[in-house]
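Novice: model this:
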Amino acid sequence: MSSTAALDAVEHILAEGGDADDILRDVVGALVSHGGCAWAGILFNEDGELVLGPEAGAQQPDAREQLPVSFDGARVAELVVDACTDTALAKRVAALISAYCLVGWDTGGVPWEELS
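Specialist: Residues are numbered from 1 along each chain as shown. All right, here's what the predicted structure looks like:
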């Protein structure tokens, strides 16, 4: 497992496109299978409450890190990783997935593909 392999996998997932739920599910899976994380999940900001969305791996809450996912200056989600060996990778992934974490957002008629 390497940070490069994990980042390559995430970038490939994002480039392939598709449904946001499927993309995020694949991204957390890549963080576990390629990125050295024991568990990864996404907490969506729904009306001020954080709600667990896609997740992969086995939770280890004693080694947890929550990273903000922001879009247009607003916190839209948090990427949560347990026992992740590369925090810089997780921070990079949090930035890359922001447009896919827009639960309940009105895009003003702009297609999702153009936001990412």
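Novice: just the pLDDT for residue 47.
Specialist: Per-residue confidence (pLDDT) for residue 47: 79.
Novice: what about stretch 56-70, average pLDDT?
Specialist: Mean predicted confidence for stretch 56-70 is 95.
Novice: brain fart, stretch 85-99
Specialist: On average, stretch 85-99 scores 93.
Novice: contacts for that stretch?
Specialist: 1, 3, 6-7, 10-11, 14, 23-24, 27, 31, 35-37, 40, 42, 65, 67-71, 76-79, 81, 84, 112, 115-116 (CB atoms under 8 Å, 6 or more residues apart in numbering). Quick note: C-beta positions are derived from backbone N, CA and C, even for glycine.
Novice: again, but for stretch 74-83
Specialist: 31, 37-45, 50, 53, 57, 59-61, 63-70, 90, 93-94, 97-98, 101-103, 105.
Novice: which of those fall in strands?
Specialist: Among the contacts of stretch 74-83, DSSP state E puts 39-45, 50, 53, 57, 64-70 in strands.
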